[in-house]
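S.K.: what's the 3D shape of this:
(one chain, ligands or ions: 1)
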Amino acid sequence: MCGIIGYIGKKSAVPILLEGLRRLEYRGYDSAGVAVLDETGLLVRKRKGKIDEGLARALQPEPPAGQVGIGHTRWATHGPPSDGNSHPHLDQSGKIAVVHNGVIENYDRLKDKLIKLGHTFQSETDTEVLAHLIGEHFKKHRGKNSSVNPLALAVADALREVIGTYGIAV
Ligand code: GLU
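M.R.: Numbering: from 1, shown residues only. This is a model prediction of the structure:
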């Protein structure tokens, strides 16, 4: 069990994500993290432990200013609580961030397949495998002339391969 939140709007995302995560903290307090998009790209901050002792402190010196972001508060199932196992997790390109509530049951088979395709992993989580799987499908859809957003198509394709339970934000 965990808490996930996403924000897109005109305000700075970080204070809204942090407030949302504080309200969700009862769902998991192993770690907390955010990914925020601004003009420079994707910024990820994540820390083991409670929000106000870990993530909020890490964000304080230089809070990212973007107006789009996702956040997560974790109840670990795959991989012990640590900074590295905290969400969000990135795909191989580092441009797609994923937060996930649930369990990817066939993650080891999917991970083997992705390793054979050249992917390298930074964490022990099932969620990072899903991030990489979405990234792998995104390569196929990116640049194609479709009326549907290529990221939405990549997420749909990845979820067709997944066995398990998931609420996600990408
Ligand atoms: N299975 C994921 C993990 O262990 C998500 C767990 C959760 O729902 O918090 O990182």
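
S.K.: can you pull the contacts of the residue nearest in space to the middle of the chain?
M.R.: In the chain, the residue lying closest to the centroid (CA atoms, centre = their mean) is Val98, at 2.3 Å. Val98 makes contacts with 87-91, 127, 130-131, 134, 168-170, as judged by CB atoms under 8 Å, 6 or more residues apart in numbering. All C-beta spots, glycine's among them, are computed from the backbone N, C-alpha and C.

S.K.: same question, Lys144
M.R.: Going by CB under 8 Å, 6+ apart, Lys144 touches Pro150.

S.K.: rerun at 10 Å
M.R.: Applying CB atoms under 10 Å, 6 or more residues apart in numbering to Lys144 gives the contacts 150, 153.

S.K.: the ligand versus that one, what's the distance?
M.R.: Using CB to the nearest ligand atom, to the nearest Å, Lys144 is found at 31 Å from the ligand.

S.K.: do you know the pLDDT at that residue?
M.R.: On the pLDDT scale, Lys144 is placed at 86.

S.K.: related to what we said a few turns ago, check the secondary structure at the residue nearest to the centre of the chain for me.
M.R.: strand (DSSP: H, G, I helix; E, B strand; the rest coil).

S.K.: tell me what it is bridged to.
M.R.: Using DSSP bridges, the bridge partners assigned to Val98 are His89.

S.K.: against His72, how distant is it?
M.R.: Separation of Val98 from His72 (CB to CB, to the nearest Å) stands at 9 Å.

S.K.: who touches both of those two?
M.R.: The contact sets of Val98 and His72 overlap at 4, 35, 87-89, 127, 168-169 (CB under 10 Å, 6+ apart).

S.K.: keep these, but drop any that are not near the ligand.
M.R.: Checking those against the ligand by CB under 6 Å from any ligand atom, the ones in range are Thr127.

S.K.: looking at the shared contacts of Val98 and His72, which has the most residues close by?
M.R.: Counting neighbours by other CB atoms under 10 Å, the top entry in these is His87, with 31 neighbours.

S.K.: count of neighbours near Gly79?
M.R.: When neighbours are counted by other CB under 10 Å, Gly79 registers 17.

S.K.: in the helix or strand in which Ala158 is found, what's buried?
M.R.: Element membership for Ala158, per DSSP states H and E: helix 150-161. With burial defined by 16 or more other CB atoms under 10 Å, the residues of helix 150-161 counted as buried are 150-151, 153-155, 157-158.

S.K.: keeping just the C-alphas, turn that helix into PDB.
M.R.: Taking C-alpha atoms only, helix 150-161 is exported to PDB below (Å, rounded to 0.1, in the frame of the first residue of the first chain):
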ATOM      1  CA  PRO A 150       2.800   8.500 -27.500                       C
ATOM      2  CA  LEU A 151       3.300   8.200 -23.700                       C
ATOM      3  CA  ALA A 152      -0.300   7.100 -23.300                       C
ATOM      4  CA  LEU A 153       0.200   4.400 -26.000                       C
ATOM      5  CA  ALA A 154       3.500   3.300 -24.300                       C
ATOM      6  CA  VAL A 155       1.800   3.000 -20.900                       C
ATOM      7  CA  ALA A 156      -1.100   1.000 -22.400                       C
ATOM      8  CA  ASP A 157       1.400  -1.400 -24.200                       C
ATOM      9  CA  ALA A 158       3.400  -1.800 -21.000                       C
ATOM     10  CA  LEU A 159       0.400  -2.600 -18.900                       C
ATOM     11  CA  ARG A 160      -0.700  -5.300 -21.300                       C
ATOM     12  CA  GLU A 161       2.500  -7.200 -20.400                       C
END
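
S.K.: fine by me, we can end here.
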